[in-house]
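Q: need a structure here:
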Amino acid sequence: MRYNGIDIDFLVSLAQKAGDAIMEVYGRDFSVETKDDKSPLTEADKKSNEVILKGLKEAYPSIPLISEENKLIPYAERKDWKSFWLIDPLDGTKEFIKKNGEFTVNIALIEEGVPVVGIVYVPAQGKTYYGVKGEGSFKIESRGNKPEPILNKEHYSTKQKVTVVGSRSHLDENTMAFVEQLKAEGKDVEFSSSGSSIKFCMVAEGKADVYPRFAPTMEWDTGAAQAVVLYAGKNVLDRNTGQPLVYNKENLLNPYFIVE
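A: As a prediction, this is how the structure comes out:
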């Protein structure tokens, strides 16, 4: 499968290769640094970042990129980019440190502010999700398996029983208020928790109905998974405006949003 000359199989393989670098660190003792924003950083973040950047620069040298570990590109330089790679080499570092398996590798291609390709790989589970504009969204249950399409257009508002998925590390009062509002509407609500961009993929494939996120995230946290959601028939909407999240903003901080 290709998108405008981009080899999707290559991107899937690259995400899995980065995942292998992560799992090599996961299987042994490792140290944890603290970045300027107080978030954790491990050797696995760095190794995965190196694998992805090297692969993309060699294969597509003309496409610029933003990575969580390589993000300080002035807006004046990037504001006119028509397309770029948006990378989170290890989404869910806290989950990685806890060794609960709920972390991902995220690679997205953004065009004119919209995610048009997104790869989400779950190294500890061997699962791959990807979404491609014009092609749809797919899941590879384990490496070597063939991709299976995922399509899920049913909106949570039409359902009597609603599964809400939330963050394992960032559960907050606003999310609980969202759940209580659904209950007040007479819905039977079940709450599920997971780490990283896995939550988006749960909504995309129908294992959850809605994911409200009322805590800070950055563009690289959401770009790849938003593509999976979009091309599976769902949306990622700004909580205040009701419009889809857009990318390459001057401030790379996302607004609060709902995956639905």
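Q: Enumerate residues external to stretch 71-83 that contact any of its residues.
A: Contact with stretch 71-83 is made by 63-64, 66, 84, 109-112, 116, 220, 248, 250, 252, as judged by Cβ atoms under 8 Å, 6 or more residues apart in numbering. In short, each C-beta sits where N, CA and C put it, glycine included.
Q: From the residues you listed, which land in helices?
A: With helices taken from DSSP state H, the overlap with these comprises Trp220.
Q: So for stretch 90-97, what gets flagged as buried?
A: Across stretch 90-97, burial judged by 16 or more other Cβ atoms under 10 Å covers 90-96.
Q: if we can go back for a sec, from the contacts of stretch 71-83, which would you call buried?
A: The neighbour count (16+ other Cβ under 10 Å) marks 63-64, 66, 84, 109-111, 116, 220, 248, 252 as buried among these.
Q: just for the stretch 1-150 of the chain, where's the confidence low?
A: Within the stretch 1-150 of the chain, the set of residues satisfying pLDDT under 70 is empty.
Q: could I get the contacts of stretch 71-83 as a markdown table with distance to Gln125?
A: Listed next are those as a markdown table, based on distance: Cβ to Cβ, whole Å:
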| residue | distance to Gln125 |
| --- | --- |
| Ile63 | 29 |
| Pro64 | 31 |
| Ile66 | 26 |
| Phe84 | 28 |
| Leu109 | 24 |
| Ile110 | 26 |
| Glu111 | 29 |
| Glu112 | 33 |
| Val116 | 25 |
| Trp220 | 21 |
| Asn248 | 30 |
| Glu250 | 36 |
| Leu252 | 28 |
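Q: between the contacts of stretch 71-83, which is nearest Asp45?
A: The closest of those to Asp45 turns out to be Trp220 (Cβ to Cβ; 11.7 Å).
Q: quick one: that closest one and Ile66 touch, right?
A: Yes: counting by Cβ atoms under 8 Å, Ile66 is a contact partner of Trp220 at 6.7 Å.
Q: what do those two both touch?
A: By Cβ under 8 Å, 6+ apart, Trp220 and Ile66 have these common neighbours: 86-87, 252.
Q: Relative to Glu173, which of the residues you listed is nearest.
A: Among these, and counting by Cβ to Cβ, the member closest to Glu173 is Leu252, at 25.4 Å.
Q: Now do the same contact list for that closest one.
A: Counting by Cβ under 8 Å, 6+ apart, Leu252 has contacts 66, 71, 218-220.
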